[in-house]
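Trainee: kindly return the folded structure for what I paste below:
(3 chains)
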Amino acid sequence: MQRRLRLRRAADFRRLRETGSSHANRYLVLSVAPNDLSHNRYGIITTRRLGTAVARNRARRRIREAIRHWHPLIAPGYDMVFIARQPAVHCAYPELLNAMQSLLQRAGLLGEDRSQAQ
RNA sequence: CAGGUCAACCGGGCGAUCGCGUCCCUGGCAAUUGCCGGGAUGAGGAAAGUCCGCACUCCACAGGGCACGGUGCUGGCUAACAGCCAGGCGGGGUAACCCGACGGAAAAGUGCCACAGAGAAGUAGAGUGCCCGCAGCUUCGGCUGCGAGCGAGGGUGAAACGGUGCGGUAAGAGCGCACCGGCGUCGCUGGUGACAGCGGCGGCCAGGCAAACCCCACCGGGAGCAAGGCCAAGCAGACGCGAGAGACGGCCCGUCUCGUUUGAGCGUCGGGUAGGCCGCUUGACCCCGUCGGUAACGUCGGGGCUAGAUAGAUGAUCGCCGCUCCGCAUGGCGGAGUGACAGAAUGCGGCUUAUGUGUUGACCUGGUUA
RNA sequence: GCCCCCAUCGUCUAGAGGACUAGGACGUGGCCCUUUCAAGGCUAAGACUGGAGUUCGAAUCUCCAUGGGGGCA
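Mentor: Numbering: from 1, shown residues only, chains lettered A, B, ... in the order given. Just a heads-up that it's a prediction; the model follows:
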């Protein structure tokens, strides 16, 4: 994922957690808010509760890969933060893909028609 | 063949596609960053815990003393170490081999040794017991009481003030003697040394704990890359204390800086920022050979460049081989899995802890066969 | 990343080498009291984070690990 598509400021993370709309399932928590840019920006949070540095890195990298998978289908102009939950570390990768898809659909960022059009 | 000891090594391999970080390009577009294309490169043996030691940076110089902390057999290696190598001593194991915070406890001082036990460290202690004398009783075996001596036997305890034998005695005792153990001291021999061996002499024996205080020897100034430097952006001060404050941290000395009507500094409340670049990876580096050394390690020569992220780059998918498991079944086929511990954040040397399967070499013990 | 601190019943704590079989308060269970509840009384269960070492003896001293907490731009 390119540098300009990442969320990098602590203030942006705080804004999303405080004012953004929020959706969650067993694997992930998603916070979303519109930005003033023509593209999306993504942030990932992996807390120490997930386990060791290996577990946290693994969760973050798999989530980043899933974002890369769905990115062309997501409506532009939003900031979003994904927070990993315990099952996201050890589940199979397709499960993680499905979990992210359902969250994006609930947030209204990923239309069924857009997905099928791809 | 079985069991064991020690050491070294490995931490799946090859290839393809998409994606990410860093660097390079006489490449293209743009002309500052940027985008596209091409190429190179991209986690570990512990990267971990942060337990030690250094380098490096700042504190003016990195100074002195006390305090405090650390280390603690000897010699060597090293930039240094609580590390490593070699040796000594002690302990464990049939053995290979392993383990040891291993200076000082009479000859500096203080303290502690619960419970049990007669007595717990002072030239201690007498309950049971042994022995003698006197008196009483007697079934003539002894028993009881009083007095004096004793430390052998029993008993307590983690620990009771050398062991065996002979002499000695009323009974005994290093009370005396011989040997043994241990201690001190002197001499000789070997060794750089810790220490070892041999001989003489001495007094007869001297408890344990210093990971209790302490003494001795040696070492240590403090903080840490969020150190520290540069650039950019932003803001707002008010009140109180106030002659000393800071570098400097427990104290003192010394040195320097700032300050005492022009107010250092401290405290309370309030306001702003939390961006970029450097430090940042060529180093006590890695590989091969040579020579010196028992070894750790060092000398010399040749070759190599091997991560530098900053909400933090390694992920996803697939093929072949290898490995493990399961089934069919008999060396072929099919299916599943692809591991354990674990992720660089200034670098390096160690220690410690976690870790699946295995490979190689040397050695020891037992059994069997020849 | 670097640097510090702490760990005792469910919770908060006492303890400083032996008299520890680890004390107290709140909470929990049982019984009494009350028509019932609360309060009160009696009573019971319940812990030294783990492993080594020093010592005759360790919650206490030392080392290693584990788990928490804090500070530094």
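
Trainee: quick one: is the helix ranked longest in chain A near RNA strand B?
Mentor: If you go by DSSP state H, chain A has its longest helix at helix A:53-70. Yes - residues of helix A:53-70 contacting RNA strand B under Cβ under 7 Å from any atom of the strand: A:53, A:54, A:57, A:58, A:60, A:61, A:62, A:64, A:65, A:68. In short, each C-beta sits where N, CA and C put it, glycine included.

Trainee: now do stretch A:95-114
Mentor: No - in terms of Cβ under 7 Å from any atom of the strand, no part of stretch A:95-114 sits within range of RNA strand B; the closest distance is 8.8 Å.

Trainee: so where does the most centrally placed residue in chain A fall, helix or strand?
Mentor: Taking Cα atoms, centre = their mean as the criterion, residue A:82 is the residue nearest the geometric centre of chain A, at 3.8 Å. Here residue A:82, judged by DSSP states H and E, is contained in strand A:78-84.

Trainee: which helices and strands does that strand pack with?
Mentor: The contact analysis (3 or more Cβ pairs under 8 Å, 6 or more residues apart in numbering; DSSP states H and E) places strand A:78-84 against helix A:10-19, strand A:28-34, strand A:41-45, helix A:53-70.
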